[in-house]
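K.L.:
for reference, the sequence and a predicted model appear below.
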Amino acid sequence: MTKVIHISTECYPAAKAGGMGDVVGALPLYLPGQGIEASVITPRYKRTWFEQQSFVTQYSGELNLDDRIVDFRIQRLEGTLPYPFYCVDIPGLFDREDIYLAENGHGYPDEPERNISFQLAILDWLSHEADLFDVFHCHDHMTGLIPFFLKCCHQFEMLSKKPTVFTIHNGQYRGIFDWSVHRYFPYYDPRHAGLLDWDGAINSLATAIKCSWVVNTVSPSYMQELINDFDTLTPLVSSEREKCEGIINGIDNELWDPKTDEFLDHHLKGTNWKSFKSKNKSALIKRLNLKSRRPLIGFIGRMATQKGADVLASSIEESLSKGLQFSTVILGSGDKAIEQALTELSNRYPRDISVTIAYDEKMARAIYAACDFLMMPSRFEPCGLNQMYAMRYGTIPMVSNVGGLKDTVPDISQKGNGIVAETIDTAGFAKGIERAVHLYKSKKELGQLVEKIMGIDWSWDQSAQKYAEMYQQLNQ
Ligand code: ADP
């Protein structure tokens, strides 16, 4: 059996900040069925989940980080997850509650030390246990230097023949560091320094694209978008396109099951989706004191321009001012200006819009279950999981035509799964809201669509098979 280790800064339920956490937590569940043994390793954070588990130390080591010696431990989880789970305990660097952000809402200033020490600790461990895994699967730029270290550092020569897979979950974040960060690197053949460089800086994402055996994005359309236009990295992706592919994410059907979801107060019974939706909707509307007897439109996600969160307030306000009847529930946090614009709008229209600035898994599930529509005005979307969760819970997606949204939500005018906005701006989504309000009135059409989208299989099976074939080919 080919043995793969997923190296990631997130894995649900240990630590999740977004879709990557869901993917790394779910894909390993579906790989054994395809003949692959999958393990996961993340940093150990100061989070409740870690404190509630029992770990055994598998390896202790130390790293030279410039003039500092950094002690670390590799710990293995005993039980509780269906796949082998390891964490790297690096006191001083990772024993913090938030995965990426300091209290001021900005990234931790010692991000380079954190990323580099996490990656080097894993390689130090595995250079002592070289047979444990056959393939290294790295996720996003935080683990993007591993393929370089394996290729170019004498210290890890015994691992240099191990194939590497690099998944881009979000190409906007690149791990760009000043060359002074170089002092944390172990010795490598200086002729390879160019592999680290892009535009005069160390660029972890570019390095991963250059050095990994295979690069994939989490949807085919997103890969095509990167090949066509990935700003300064466009020529790099184009030149490496032979080893690039796009594999759409799946969802964990057990964790996201309207019949059993442990976060929900009202479950789907049999095929009675009408009762499921109306009970959840009434409960949420009552709790948030929103107006009833009208469509409920939701948004869940990071308040970032990537997610088009800045389009929410203006398109909702334009639609309300036109007299359209709908209620909105918004959950998320991020950009302070976007948070403020939405909060102000909800203060002006308290019975039409509810805004919760938080990360709240239970509320997210309540929104998926309660809403009639879920808005996703993303400017780019590597895959997007929300639209798949929404459909599974009988909520019609209203999306922009990019990346994974393009691959999963064709417009209803093309016999598709949801409403596709023509433009990613106020006018495009105001029009989307108008179409949603009209569709809501047409009960027969609405019912047929809800039944159809609830029946679509978004499970990991097909995509897990693609990953398995990839690992097996690499490990031949
Ligand atoms: P991202 O680009 O943020 O990773 P994805 O669509 O890939 O976006 O995944 C988002 C995941 O994070 C989904 O599981 C979604 O439900 C969850 N999520 C996002 N924001 C919140 C929030 N404020 N509270 C709870 N869950 C959230």
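P.N.:
Yep, it's here.
K.L.:
mind checking the SS state of the residue nearest to residue 70 when sequence neighbours are not counted?
P.N.:
Closest residue to residue 70 in three dimensions, ignoring its sequence neighbours and counting by Cβ to Cβ, 6 or more residues apart in numbering: residue 63, at 4.5 Å. Yep, even glycine has a C-beta here, placed from its N, CA and C like the rest. State at residue 63, reduced to three classes by DSSP: H, G, I helix; E, B strand; the rest coil: strand.
K.L.:
who in the stretch 151-300 of the chain is up against the ligand?
P.N.:
Taking Cβ under 6 Å from any ligand atom as the test, the list of the stretch 151-300 of the chain residues beside the ligand reads 170, 300.
K.L.:
contact partners for the residue nearest to residue 70?
P.N.:
Taking Cβ atoms under 8 Å, 6 or more residues apart in numbering as the criterion, residue 63 is in contact with 69, 70, 72, 117, 120, 121, 124.
K.L.:
same question, residue 261
P.N.:
Going by Cβ under 8 Å, 6+ apart, residue 261 touches 255, 267, 365, 369.
K.L.:
what's the host helix or strand of the last one packed up against?
P.N.:
Spelled out, that is residue 369. For residue 369, the element it lies in under DSSP states H and E is helix 361-370. Secondary-structure packing of helix 361-370 (3 or more Cβ pairs under 8 Å, 6 or more residues apart in numbering; DSSP states H and E): helix 273-288, strand 296-300, strand 327-332, helix 386-392.
K.L.:
all helices for the stretch 1-150 of the chain, in order.
P.N.:
Using DSSP state H, counting those that start in this stretch, the helices of the stretch 1-150 of the chain run over residues 19-30, 48-52, 111-128, 146-152.
K.L.:
can you list the residues that contact the third one?
P.N.:
Right, helix 111-128. Counting by Cβ under 8 Å, 6+ apart, helix 111-128 makes contact with 5, 7, 9, 41, 43, 58-59, 61, 63, 65, 70, 72, 74, 88, 90, 93-94, 100, 108, 132-133, 141-143, 145-146, 149-150, 153, 155-156, 158-159, 175, 177, 181, 184-186, 204, all of which sit outside it.
K.L.:
is it true that residue 197 touches residue 182?
P.N.:
No. Because the distance of 10.3 Å does not satisfy Cβ atoms under 8 Å, residue 197 is recorded as not touching residue 182.
K.L.:
next up, phi/psi of the closest residue to the ligand within the stretch 101-250 of the chain, please.
P.N.:
Scanning the stretch 101-250 of the chain for proximity to the ligand using Cβ to the nearest ligand atom identifies residue 170 as nearest, at 5.8 Å. Its backbone dihedrals place residue 170 at phi -160, psi 110, with angles given as degrees, to the nearest 10.
K.L.:
next: the one 5 residues further on.
P.N.:
With angles defined as degrees, to the nearest 10, residue 175 shows backbone torsions of phi 60, psi 60.
K.L.:
how is the protein divided into domains?
P.N.:
Domain assignment for the chain, taken from automatic domain parsing, gives 2-250+461-474, 273-454.
K.L.:
circling back to that earlier point, how about TSV for the helices and strands packed on helix 361-370, with mean pLDDT and mean neighbour count added?
P.N.:
Formatted as TSV, the entries for the helices and strands packed on helix 361-370 read as follows, by pLDDT from 0 to 100; neighbours: other Cβ atoms under 10 Å:
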stretch	mean pLDDT	mean neighbour count
helix 273-288	98	18
strand 296-300	98	26
strand 327-332	98	25
helix 386-392	98	26
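K.L.:
mind putting the ones you listed into TSV with distance to residue 262?
P.N.:
What follows is the helices and strands packed on helix 361-370, written out as TSV (distance: least, Cβ to Cβ, whole Å):
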stretch	distance to residue 262
helix 273-288	14
strand 296-300	18
strand 327-332	18
helix 386-392	15
